[in-house]
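sequence and computational prediction follow.
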Amino acid sequence: MPNMLSRRPIEELATLAPGLHHLNAGQFPANRYTTSMTSSTSVSINFKRREMVILGTQYAGEMKKGVFTIMHYLMPKAGILSLHSSANEGPDGDVSLFFGLSGTGKTTLSADPHRFLIGDDEHCWSDNGIFNIEGGCYAKCIDLSADKEPEIFNAIRFGSVLENVVFHPQSRLVDYTDKSLTENTRCAYPIEYIPNAKVPCVGGHPKNIILLTCDAFGVLPPVAKLTQHQSMYHFISGYTAKIAGTEDGVTEPQATFSACFGQPFLVWHPTKYANMLAEKMAEHEANAWLINTGWNGGKYGVGKRIALKYSRAIIDAIHSGELAQQEYEEYPVFGLHIPKACPGVPENVLNPKTAWLGDADEFEATVAKLANLFIENFKLYEDHASPEVLAAGPVLE
Ligand SMILES: Nc1ncnc2c1ncn2[C@@H]1O[C@H](COP(=O)(O)OP(=O)(O)O)[C@@H](O)[C@H]1O
Ligand SMILES: C=C(OP(=O)(O)O)C(=O)O
C-alpha cells in the first residue's frame, strides 16, 4: 500500500489523526448467509463509522480502489472532482487526462517517454489544477516486455511489489507470459521508478481530455474529436469492453457501460461528476477525444486489437497539435468526427468502415447493434441529461 497511496514524511504522520480505518482481512471469507451477500468476497464501507472492511480477497487493487471510493465521496463534497484517470504533462506544461476502465490503456499510454508522468489511475481536479492521490503505479504485467513497455518493465526492481506472477524458484526470474494464476498479474512501484515522473504529482488545468474505450465490436474509430456535448455523453455512458484480466470470469471481451468510466467507485449520482467535469472543461477550454484502443477491422475474434504503436502515434499527434489540424469527416450514426489522416497511422485504419474486413451489411448491422446498446443504456440518464447531451449520442434512422 505505501507504493499505492501518496506517502507523507514520517514526522508529518505523527501529527495526523486517522480519518479512516481500513481493515483488511482478505484471508477470511465473507459469510454468504448474511443478507444480500452474494459471494465470499465483500468490500464494505461505513461512511459514518469511517471504516472499511475487506473480506475474502487478497487482491491489492481492492485496497487502493477502496480508498478511491472514499475520495469519490469526500472530494465532490468539497467541490473537487475525483477522476478515474491517468495524467501526464508535456514539456510545455500542458496536462492530459486519460479516462478509461480497467485494461483500456490508462497506465500504458500515460507512461510516455516524451511526457512527465503525474499518475496512472486516480486523480482529483481542483480550482488549482490536478493532483494524484497515489504515490505509485499499479501496472498490469501480463506479457510485459522491455521492448513494448520499457518504462514499466524497468520500474520493476527492488522496492516494487509483484502480485500473482509466476517466477522461477532458483533464478527468481519472472515469467511475464505465465497466466496460470491469473491474467491480472500486477506490479506496484513507487512513481519515482518511472524515469520522467513528476514529483510532487501535480499539474495545471488539463488541456486534453482523452476518453479511452476498448471496443470489442471494432466499430468505434481509433480516434474521434469530440464536441463538448459528445464528451459528456461518452463520459456518462462509459462504454468499453471488459477484457480478460481484472475481473474474475471474464475470458473474452464483453461490452459494458460503466458511468464516468468508473461506476463501481462512484458514490454520488454519475451526473454530479459529469456536470463538474463539463464545467471545468468549459472553464479551461479543454479539448476532448475518444480513443478506441480495442478492436479494428472486425469484432473480437475476427479483427485485431489496434496496435499499441498506433494508439501512441495518435496521442503524439494530439499533443503536437497535428491531429487538430487534419481534415475531419463525420462518422454516421455515432455522429463522431474522425480525422482523415494521422501521422504514423495507416489511413485505412482510421475509419472503421474502410478497416472492416467483413462485408458491408455486417458492418452496418454491427454499428446499429452497438448504437442500440448505447441508446438503451442512456435511458438510465435521460431524466438528468440536457437535450444537447442526449442529442450527442448515436442516432438510428
Ligand atoms: N492499442 C493499445 N493501447 C493501449 N494498451 C494496449 C493496446 N493494445 C494492447 N494493449 C495492452 O492492454 C493493456 C492496457 O492495460 P493498462 O494500461 O494497465 O490499462 P488501465 O491502466 O486502463 O487499466 C496493457 O497490457 C497493454 O499492453
Ligand atoms: C486496479 C484496478 O484498476 P486498473 O485495472 O484500471 O489498474 C482494478 O480495476 O482492479
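Yes, it's here. Numbers count the residues shown, from 1 in each chain. Ligands and ions are numbered 1, 2, ... in the order given.

next, L357: secondary structure please.
Three-state call for L357 (DSSP: H, G, I helix; E, B strand; the rest coil): coil.

okay, now it: neighbour count?
13 (other Cβ atoms under 10 Å). Any C-beta I mention is one placed from the backbone N, CA and C, and that applies to glycine too.

and if you look at G294?
G294, neighbours per other Cβ under 10 Å, totals 29.

measure the residue lying closest to it once chain neighbours are set aside to R305 for me?
Counting by Cβ to Cβ, 6 or more residues apart in numbering, G294 lies nearest to C214, which is 3.6 Å off, once chain neighbours are set aside. Applying Cβ to Cβ, to the nearest Å, the value for C214 to R305 is 8 Å.

repeat that for F363.
Taken as Cβ to Cβ, the span from F363 to R305 is 18 Å.

I figured E330 hits K340, correct?
No - between E330 and K340 there is no contact under Cβ atoms under 8 Å: 11.3 Å.

which strand residues sit across from Y239 in the sheet?
Going by DSSP bridges, Y239 is paired in beta bridges with F257.

neighbours around it, how many?
22.

what separation do you get for it and ligand 2?
For Y239, the distance to ligand 2 (Cβ to the nearest ligand atom, to the nearest Å) stands at 16 Å.

go on, S171?
Taking Cβ to the nearest ligand atom, one finds S171 at 28 Å from ligand 2.

number of nearby residues for that residue?
7.

for A391, same thing?
13.

give me the nearest residue to it, chain neighbours excluded.
H229 (7.2 Å).

same check, this time on F374
P394 (5.2 Å).

so who does the residue nearest the centre of the chain touch?
The structure's the chain has its C-alpha centroid closest to G100; by Cα atoms, centre = their mean the separation is 2.4 Å. Listed by Cβ atoms under 8 Å, 6 or more residues apart in numbering, the contact set of G100 reads H84, S85, K106, L211, L212, T213, C214, T240, F261, T293.

switch the cut-off to 10 Å
84-86, 106-107, 109, 121, 210-214, 238, 240, 258, 261-262, 291, 293 (Cβ atoms under 10 Å, 6 or more residues apart in numbering).

go on, T366?
Counting by Cβ under 10 Å, 6+ apart, T366 has contacts F217, G218, V219, G298, K299, P352, W356, G358.

now the buried members of those residues.
F217, G218, V219, G298, K299, P352, W356 (16 or more other Cβ atoms under 10 Å).

how much space between the third one and S160?
Taking Cβ to Cβ as the measure, V219 and S160 are separated by 38 Å.

does K309 belong to a helix, a strand or coil?
helix.

ok, and the closest non-adjacent residue to it?
Nearest one to K309, counting by Cβ to Cβ, 6+ apart, is G344 at 7.4 Å.

that neighbour contacts I318, correct?
No - using Cβ atoms under 10 Å, G344 makes no contact with I318, being 11.9 Å away.

looking at those two, which one has more neighbours?
I318 (21 against 12).

quick one: contacts for the more buried one?
I318 neighbours (Cβ under 10 Å, 6+ apart): S96, K207, N208, I210, V223, K225, N287, W289, I291, A324, C342.

ditto for A274
81, 231-233, 235-236, 238, 259-260, 381, 384-385, 389.

can you lay out those as TSV showing neighbour count, secondary structure and distance to ligand 1?
Listed next are the contacts of A274 as TSV, based on neighbours: other Cβ atoms under 10 Å; DSSP: H, G, I helix; E, B strand; the rest coil; distance: Cβ to the nearest ligand atom, whole Å:
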residue	neighbour count	secondary structure	distance to ligand 1
L81	21	strand	19
S231	25	helix	18
M232	25	helix	21
Y233	25	helix	21
F235	24	helix	15
I236	26	helix	19
G238	23	coil	12
A259	20	helix	16
C260	24	helix	14
Y381	19	helix	23
H384	14	coil	26
A385	21	coil	25
V389	24	helix	25
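
turn the residues you listed into TSV, columns for pLDDT.
TSV is the format used below for the contacts of A274 (pLDDT from 0 to 100):
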residue	pLDDT
L81	98
S231	97
M232	96
Y233	97
F235	97
I236	97
G238	97
A259	97
C260	97
Y381	94
H384	89
A385	91
V389	95
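
count the neighbours of R8 for me.
Neighbour number of R8 under other Cβ under 10 Å is 12.

check which helix or strand it maps to.
If you go by DSSP states H and E, R8 is not part of any helix or strand.

which bits of the stretch 151-300 of the chain sit near ligand 1?
T293 (Cβ under 6 Å from any ligand atom).

can you give me the strands for the stretch 151-300 of the chain?
Using DSSP state E, counting those that start in this stretch, the strands found in the stretch 151-300 of the chain span residues 161-163, 166-167, 174-175, 186-190, 202-203, 206-213, 223-226, 239-242, 254-257, 287-292, 295-296.

what are the pairing partners of the second one, and which direction each?
Strand pairing for strand 166-167, determined by DSSP bridges: strand 174-175 (antiparallel).

contact partners of the strand it pairs with?
Against strand 174-175 from outside (Cβ under 10 Å, 6+ apart): C141, L144, I156, L162, V165, V166, F167, H168, T185, C187.

many thanks, have a good one.
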